[in-house]
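J.: Build the 3D model from these lines:
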Amino acid sequence: MSTEKDPLFPDDLRLLPWVTDTGKPCYLSAAPGGGVLSALADRTENRQLRAAAEVLCEARRVLADPAAGALALRLTLTASARALADTLRVAHSRGLRLGAEDEADQG
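T.: Numbering: from 1, shown residues only. Now for the predicted structure:
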């Protein structure tokens, strides 16, 4: 029996920063040195985090404007929710790669 872990165990999979057409998570069994898909995932995560920072600045600007109407607030909240979801996914993925336990997995 080999002492190496089977690469198909969830601990060895990287949660990617995108989902399938049907909304299911995508995973990558990455080589230790990375690869093309891993580099693409890194760039995508960084782009998502930069976009979240921009959305946060815009949300603060809209919230500080007492004349902002319902549409502006709704659009800002929609963009904020999308950015928050992306940011949480990046944080979760990076936490898993650092070996942090997921609270949901602790039962």
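J.: All the helices of the protein, in order from the start?
T.: 36-64, 70-98 (DSSP state H).
J.: quick one, the first one and helix 70-98 angle?
T.: Angle, helix 36-64 to helix 70-98, by axes from the mean of the first three to the mean of the last three CA atoms, to 10 degrees: 140 degrees.
J.: what about helix 36-64, average pLDDT?
T.: The average of the pLDDT scores along helix 36-64 is 95.
J.: Could I get the buried residue list for it?
T.: Within helix 36-64, the residues scored as buried using 16 or more other CB atoms under 10 Å are A41, E45, Q48, A52, V55, E58, A59, V62. In short, each C-beta sits where N, CA and C put it, glycine included.
J.: swap in stretch 71-89?
T.: Going by 16+ other CB under 10 Å, stretch 71-89 has these buried residues: T76, A79, S80, A83, D86, T87, R89.
J.: Looking at these, spot the one nearest C26.
T.: Of all these, C26 sits closest to R89, with 10.7 Å by CB to CB.
J.: quick one: contacts for that closest one?
T.: L15, P17, Q48 (CB atoms under 8 Å, 6 or more residues apart in numbering).
J.: so which of the residues you listed would you say is closest to G99?
T.: Distances from G99 to the contacts of R89, taken by CB to CB, are shortest for L15, at 13.8 Å.
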